[in-house]
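> Could you look at this predicted model? Sequence included:
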Amino acid sequence: MGKYSADYLMNRYEFYLRITSDQYLDYYRGTARHVVARCTAGQNVQFPASLLQQFVTQNGISGHFALICDEHNQNSRLERLNPS
């Protein structure tokens, strides 16, 4: 089985996100542990703020992202689709 052979069982949620560096400090400090975003399909999705850490720049976080998780909406991973 290839790396992505089970992706057809995964749930995928796409959204645009813009968080300033000042706003991200709440996540960094742990006062906010989850992010809620509105997907391009209209539903809201919540995920651990720790998934954003790899995308933080000195300007914060900005871009088009996909949250991918299993059929139980667990074991999440976040991918940047393109920066904005």
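Good, I have the coordinates. Numbering: from 1, shown residues only.
> can you map out the helices along the protein?
Taking DSSP state H as the criterion, the chain carries its helices at 21-29.
> Tell me the buried residues in the lowest-mean-pLDDT helix or strand in it?
Counting by mean pLDDT, DSSP states H and E, the chain has its least confident helix or strand at helix 21-29, which shows a mean of 88. Counting neighbours by 16 or more other C-beta atoms under 10 Å, one finds that the buried residues in helix 21-29 are 24, 27. Using the backbone N, CA and C atoms, a C-beta is placed for each residue, glycine as well.
> Could I get the contacting residues of residue 60?
18, 19, 20, 21, 22, 23, 24 (C-beta atoms under 8 Å, 6 or more residues apart in numbering).
> what does residue 61 give?
17, 18, 19, 24, 52, 55.
> I'd like to know how far the last one sits from residue 19.
By that I understand residue 55. The spacing between residue 55 and residue 19, counted by C-beta to C-beta, to the nearest Å, is 9 Å.
> And the strands in the chain?
Shown for the chain, the strands assigned by DSSP state E span residues 11-19, 34-38, 44-48, 61-69, 77-82.
> Residue 43 contacts residue 12, doesn't it?
No: with contact defined as C-beta atoms under 8 Å, residue 43 does not reach residue 12; the gap is 11.9 Å.
> so how far is the first residue of stretch 66-82 from its last?
Criterion C-alpha to C-alpha, to the nearest Å; first-to-last residue distance in stretch 66-82 is 10 Å.
> contact partners of that stretch?
By C-beta under 8 Å, 6+ apart, the list of residues contacting stretch 66-82 from outside reads 7, 9-15, 45, 47-48, 51-52, 54-55, 63-65.
> Could you turn the buried ones of the residues you listed into a ChimeraX selection?
To isolate the buried members of those in ChimeraX, using 16+ other C-beta under 10 Å:
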select :10,13,14,15,45,47,51,52,55,65
